[in-house]
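In: Fold the following.
(chains A, B, C and D)
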There are 2 protein chains.
Amino acid sequence: MRGYGQFCPVAQALEVIGERWTLLVVRELLCGSTRFGELVRGVPLMSRSVLADRLRGLESAGIIERKARSSGRGQSYELTQAGRELGPIVEGCGVWGQRWARRKLSVEQLDAGLLMWDIRRSLNHEALPKTPTLIEFRLRGAGRGQSRYWLRIEPQEIDLCLTHPGFEVDLTVRASLRELTKVWLGDIPLTHTLRDGSVELDGPQRLRRAFPKWLKLSGFAKVERP
Amino acid sequence: MRGYGQFCPVAQALEVIGERWTLLVVRELLCGSTRFGELVRGVPLMSRSVLADRLRGLESAGIIERKARSSGRGQSYELTQAGRELGPIVEGCGVWGQRWARRKLSVEQLDAGLLMWDIRRSLNHEALPKTPTLIEFRLRGAGRGQSRYWLRIEPQEIDLCLTHPGFEVDLTVRASLRELTKVWLGDIPLTHTLRDGSVELDGPQRLRRAFPKWLKLSGFAKVERP
DNA sequence: CAGTATCCGATGCGATACTG
DNA sequence: CAGTATCGCATCGGATACTG
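Out: Numbering: from 1, shown residues only, chains lettered A, B, ... in the order given. Okay, the predicted model is just below:
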């Protein structure tokens, strides 16, 4: 039996959004992802077939619409009004999770690619350097092939690169993946890690000074802990 | 693989509360149920073994505490602070469900026992008669053995009876299960159904007049529809 | 790249029976 | 009443391969 067989609106909502993975897909869409590949990247452990299945479910529930993309192949997935109104629920889950579900940050939870993607997504554009700048991240304790990332900052574009783009690095950020994740989540203040050296910056003072300005943390970093 | 393997607080919350049935159990607890049997009644299609399993999960997640009950056997399940803070999420699901997930009210969703239990639970105590009163509900279209209920109203106690308590009925409420459910959910105004006769009251004018006062509807009945 | 189709193993969960 | 133990099937979902 699929559903809950209840007329209660809570049960009816959960029949639609309560399935495994579904709300994480919605979270990705709320964060701005629109393409299949972006969703795969944002929810790495979900298989593509399950993602396709969930997208069908979300569409038939009226939460997303597929639209043909003007450029390139494939579709664009966009939240409908019903989908956007799931925002407060996702937000509520995040706040609750930050307060009550963060007992341990296990090794399996750490994911350099995800962290860098989050960082890239939420950069404070106003504070970024106005001239082309290359920033390298070196992460200790990340899996093989996951320890180096480059943020290529151009006036109108920001790229996260997995291979060295070729030109000169202006600022290097060194940290353990675990520490940087904790900073991102608001568990440790960035200023603290800069002072004790667990996050090191290497480059001209101008960029070192600006770094804390353009690195925005997780939207839940400031949630008050119990 | 059990979890989502992500450090994102949303994912971490969903690892705990995202499992099938779990949030419905929390909803019941938020509504005031504390005993195993009450939970079984509130979530009828969930098997007892799964309920026991979910209760273990909720306990180890710090969302509920089991306490020995002073009177009688068995335990009492009570929400912790973490559990009570799930209120906004459950509420959010209900609101969203009321707005977007109520396409059809299928026959399987109708459940006279659940509806009567909800009605009993949310009666407006102030407006109830101060003298002992017996109210009979006769529901058309309910399954066998589900078509008659009695609310026994005493100054300090309200009982929902499945068999006639033996003494005289003061007010009879006749309606189809579907109509009464729609009224409960806010889909039709009660006044409307009283006027067109789809909900009939039989008894002294005093009680007929008071009926709409003490019948409180679902907490989501007044949610604005899109 | 953006998915779809198929397969098969794990497990979730409902049914039933049992206990104090 | 308040659960627990066991079993067996359905389905979920991950892996792999395939298509336009």
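In: all contacts plus neighbour counts: C-alpha atoms, from now on.
Out: Noted.
In: The residue positioned nearest the centre of chain A is in what secondary structure piece?
Out: With distances taken as C-alpha atoms, centre = their mean, the residue of chain A nearest its centroid is A:D118 (3.1 Å). With secondary structure defined by DSSP states H and E, A:D118 is part of helix A:112-121.
In: mind saving the C-alpha coords of the helix or strand that comes right after that helix as CSV?
Out: Next in sequence after helix A:112-121, counting helices and strands by DSSP H and E, comes strand A:133-140. Taking C-alpha atoms only, strand A:133-140 is exported to CSV below (Å, rounded to 0.1, in the frame of the first residue of the first chain):
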residue,chain,number,x,y,z
THR,A,133,41.3,36.2,-9.7
LEU,A,134,42.2,32.6,-9.2
ILE,A,135,41.8,31.0,-5.8
GLU,A,136,43.1,27.6,-5.0
PHE,A,137,41.7,25.4,-2.3
ARG,A,138,43.9,22.6,-0.8
LEU,A,139,42.0,20.3,1.4
ARG,A,140,43.7,17.9,3.7
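In: And the following helix or strand past strand A:133-140, what does it pack against?
Out: Using DSSP H and E, the helix or strand that follows strand A:133-140 towards the C-terminus is strand A:148-154. Here strand A:148-154 touches strand A:133-140, strand A:157-161, going by 3 or more C-alpha pairs under 8 Å, 6 or more residues apart in numbering or on different chains; DSSP states H and E.
In: before we move on, the earlier item: how far does the helix holding A:D118 sit from its chain's centre?
Out: Using C-alpha atoms, centre = their mean, to the nearest Å, the distance from the centre of helix A:112-121 to the centre of the chain it belongs to is 6 Å.
In: That one - what's its average pLDDT?
Out: On average, the pLDDT along helix A:112-121 is 94.
In: before we move on, what about stretch A:63-78?
Out: Per-residue pLDDT values over stretch A:63-78 give a mean of 87.
In: cool, stretch A:9-20 as well?
Out: Across stretch A:9-20, pLDDT averages out at 94.
In: Is it positioned near DNA strand C?
Out: No. Counting by C-alpha under 7 Å from any atom of the strand, no contacts exist between stretch A:9-20 and DNA strand C, the nearest distance being 9.0 Å.
In: can you pull the buried residues of that stretch?
Out: Under the neighbour-count criterion of 16 or more other C-alpha atoms under 10 Å in any protein chain shown, stretch A:9-20 has A:9-18, A:20 buried.
In: what do you get for stretch A:207-220?
Out: Under the neighbour-count rule (16+ other C-alpha under 10 Å), stretch A:207-220 has A:207-208, A:211, A:214-218, A:220 buried.
In: What is the neighbour count of A:K67?
Out: Taking other C-alpha atoms under 10 Å in any protein chain shown as the criterion, the count of residues near A:K67 is 12.
In: How about A:I135?
Out: If you count neighbours by other C-alpha under 10 Å, A:I135 ends up with 20.
In: How about A:G143?
Out: A:G143 sits with 13 neighbouring residues when counted by other C-alpha under 10 Å.
In: What average pLDDT does stretch A:39-49 get?
Out: For stretch A:39-49, the mean pLDDT works out to 91.
In: got a list of contacts for it?
Out: Judged by C-alpha atoms under 8 Å, 6 or more residues apart in numbering or on different chains, the contacts made with stretch A:39-49 from elsewhere in the structure are A:21, A:24-25, A:28-29, A:33, A:51, A:114, A:117, B:4-5.
In: Does DNA strand D have contacts with it?
Out: Yes. Stretch A:39-49 reaches DNA strand D (C-alpha under 7 Å from any atom of the strand) through A:45-49.
In: Could you give me the ChimeraX syntax to select whichever of those residues are buried?
Out: ChimeraX command restricting the residues of stretch A:39-49 next to DNA strand D to the buried ones, with burial defined by 16+ other C-alpha under 10 Å:
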select /A:46
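In: check contacts around the nearest residue to A:L128 once chain neighbours are set aside.
Out: In space, and not counting its chain neighbours, A:L128 is closest to A:W214: 5.7 Å by C-alpha to C-alpha, 6 or more residues apart in numbering or on different chains. If a contact means C-alpha under 8 Å, 6+ apart, then A:W214 has A:123-128 as its contacts.
In: Dump these to JSON lines, plus neighbour count.
Out: Conversion of the contacts of A:W214 to JSON lines gives the following (neighbours: other C-alpha atoms under 10 Å in any protein chain shown):
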{"residue": "A:L123", "neighbour count": "16"}
{"residue": "A:N124", "neighbour count": "15"}
{"residue": "A:H125", "neighbour count": "18"}
{"residue": "A:E126", "neighbour count": "9"}
{"residue": "A:A127", "neighbour count": "13"}
{"residue": "A:L128", "neighbour count": "19"}
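In: now, among those residues, which is nearest to DNA strand D?
Out: The shortest gap between DNA strand D and any of the contacts of A:W214 belongs to A:L123, at 30.1 Å (C-alpha to the nearest atom of the strand).
In: The closest one against A:L215, yeah?
Out: Yes. Using C-alpha atoms under 8 Å, A:L123 is in contact with A:L215, at 5.5 Å.
In: part of a strand, is A:H164?
Out: No. Membership of A:H164 in a strand is not supported by DSSP: H, G, I helix; E, B strand; the rest coil, which gives coil.
In: who touches it in this structure?
Out: By C-alpha under 8 Å, 6+ apart, the contact list for A:H164 reads A:149-150.
In: Distance of it relative to B:S33?
Out: Relative to B:S33, A:H164 is positioned 59 Å away (criterion: C-alpha to C-alpha, to the nearest Å).
In: got it, and A:K182?
Out: In this structure, A:K182 and B:S33 are 38 Å apart, going by C-alpha to C-alpha.
In: Pick the most buried one from the helices and strands packed on strand A:148-154.
Out: strand A:133-140 (a mean of 20; mean count of other C-alpha atoms under 10 Å in any protein chain shown).
In: Determine the angle, from 0 to 180 degrees, between it and strand A:148-154.
Out: Here strand A:133-140 points in a direction 160 degrees away from that of strand A:148-154 (axes from the mean of the first three to the mean of the last three C-alpha atoms, to 10 degrees).
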